[in-house]
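Peer 1: Got a sequence here, can you model it:
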Amino acid sequence: MIVFDLRCASGHQFEGWFEDLQAYEDQRAGALIVCPVCNSSTISRMPSAFAIRSSPKSDTGAPPREILERIGHTLSEFADTHFDDVGCDFAREALKIHYGASEPRNIRGNSTPDEEKTLEEEGVRFFKFPPTPRSDPDT
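Peer 2: Predicted coordinates:
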């Protein structure tokens, strides 16, 4: 699987998951990819903010801890830079965006297990990853 950052002709940004580059090209040519905001099928790929390469695994078959920490740090840094921090209002904001009461945007924040269950029941897609420790505990 490969993930591409996509943009429609109206400037809405979203991501798409494809089997490979050829699958993306075929779907784009057939107007099968549409913007989730405006339904435009005029779609282009955007440069990705980061990529993760595969590397040889350690003797145990698991990636070395240093690589996992670097990936976690990169994910955290990306979210800090590209997502609005809505704190404890994550579930409320996600639902507002989902139902069109707020402008679509990338958000991050905190939610309770009950709120996450509600989001899942309402069909709101979200990704949850554990926070990575900061090098300076005062930040």
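
Peer 1: where exactly do the helices run in this structure?
Peer 2: For the chain, the helices defined by DSSP state H cover 21-29, 65-82, 90-98, 113-122.

Peer 1: now the third one: mean pLDDT?
Peer 2: Averaging pLDDT along helix 90-98 yields 94.

Peer 1: Show me what counts as buried in that helix.
Peer 2: The neighbour-count check on helix 90-98 (16 or more other CB atoms under 10 Å) flags 90-91, 93-95, 97-98 as buried. Any C-beta I mention is one placed from the backbone N, CA and C, and that applies to glycine too.

Peer 1: Excluding chain neighbours, what is closest to F90?
Peer 2: G109 (3.1 Å; CB to CB, 6 or more residues apart in numbering).

Peer 1: Pretty sure the one you found sits against E115.
Peer 2: No - counting by CB atoms under 8 Å, G109 does not reach E115; the two are 10.1 Å apart.

Peer 1: shared neighbours, the two?
Peer 2: By CB atoms under 8 Å, 6 or more residues apart in numbering, G109 and E115 have these common neighbours: F90.

Peer 1: residues touching C88, list them.
Peer 2: By CB under 8 Å, 6+ apart, the contact set of C88 is 109-110.
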